[in-house]
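**Student:** Pasting the sequence and the predicted model now:
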Amino acid sequence: MIHKTFTTYTPFETAEIGRMLALSFKRGAGGKTSAAVVCLYGDLGAGKTTFTQGFAKGLGIKDRLLSPTFIIVRRYTTKRNSLLYHIDLYRLSSVDDINALGFSEMVTDPEAFIIIEWAERLGRLLPANRTDIRFSTLPDDSHRIQIDGAL
């Protein structure tokens with residue numbers, strides 16, 4: 001289990017926290033029967049996508065990571081040939097819509113990594129075995145990143 005809080009002052013620092021967290025995950029980090037799930041919470045502009053870009057770099061993904069706000073899910077192949085699913089639930093109409101996108105299959109892939117922006121919108125579908133990361137913008141425009149969960 002990990003319980004850490006960071007304060008970042010630049011987008012680079014936020015991405016670097018993501019990169020370092022990705023490096024701390026082991027292959028098959030979610031367990032023998034599930035993916036490694038990272039749930040992101042925070043307001044618009046709090047650093048969720050920037051963090052995810054750093055996480056992808058930590059997994060060896062060379063592609064430019066774009067926010068999947070309108071298509072909900074983007075899939076990337078890591079340098080170890082596992083998959084990173086980047087999910088953005090900001091525009092999700094119904095929690096049932098995520099199952100139509102194959103969420104239950106994603107979660108059962110023990111080699112996969114899943115990062116979910118606006119994870120609170122999953123409601124009853126939130127996996128129990130996950131890492132929660134909360135982002136907040138402080139009055140001086142720095143960002144607080146609180147990490148809690150399993151690696």
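**Tutor:** Yes, it's here. Everything quoted here is computed from the prediction, not taken from an experiment. Numbering: from 1, shown residues only.

**Student:** Identify each buried residue in the host helix or strand of Glu105, please.
**Tutor:** Using DSSP states H and E, the element containing Glu105 is helix 103-107. Buried residues in helix 103-107, counted by 16 or more other CB atoms under 10 Å: Phe103, Met106, Val107. Where C-beta positions appear, they are placed from N, C-alpha and C, glycine not excepted.

**Student:** ditto for stretch 142-151
**Tutor:** Within stretch 142-151, the residues that count as buried by 16+ other CB under 10 Å are His143, Arg144, Ile145, Ile147, Gly149, Ala150.

**Student:** can I get the residues you listed in CSV with pLDDT?
**Tutor:** Formatted as CSV, the buried residues of stretch 142-151 follow (pLDDT from 0 to 100):
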residue, pLDDT
His143, 95
Arg144, 96
Ile145, 97
Ile147, 95
Gly149, 85
Ala150, 73
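
**Student:** How about the worst-scoring helix or strand of the chain on mean pLDDT, which residues are buried there?
**Tutor:** In the chain, the helix or strand scored least confidently by mean pLDDT, DSSP states H and E is helix 95-100, which has a mean of 72. For helix 95-100, a neighbour-count test (16+ other CB under 10 Å) marks Ile98 as buried.

**Student:** picking that back up, just name the closest of the buried residues of stretch 142-151 to Arg130, please.
**Tutor:** Among the buried residues of stretch 142-151, Gly149 lies closest to Arg130 (CB to CB), at 5.7 Å.

**Student:** List phi and psi for the closest one.
**Tutor:** phi 140, psi -170 (degrees, to the nearest 10).

**Student:** can you name the two of the buried residues of stretch 142-151 that are farthest apart?
**Tutor:** Largest pairwise distance in the buried residues of stretch 142-151, by CB to CB, is 23.2 Å, between His143 and Ala150.

**Student:** just how off-centre is stretch 106-118 within its chain?
**Tutor:** Centre-to-centre, stretch 106-118 and its host chain are 8 Å apart (CA atoms, centre = their mean, to the nearest Å).
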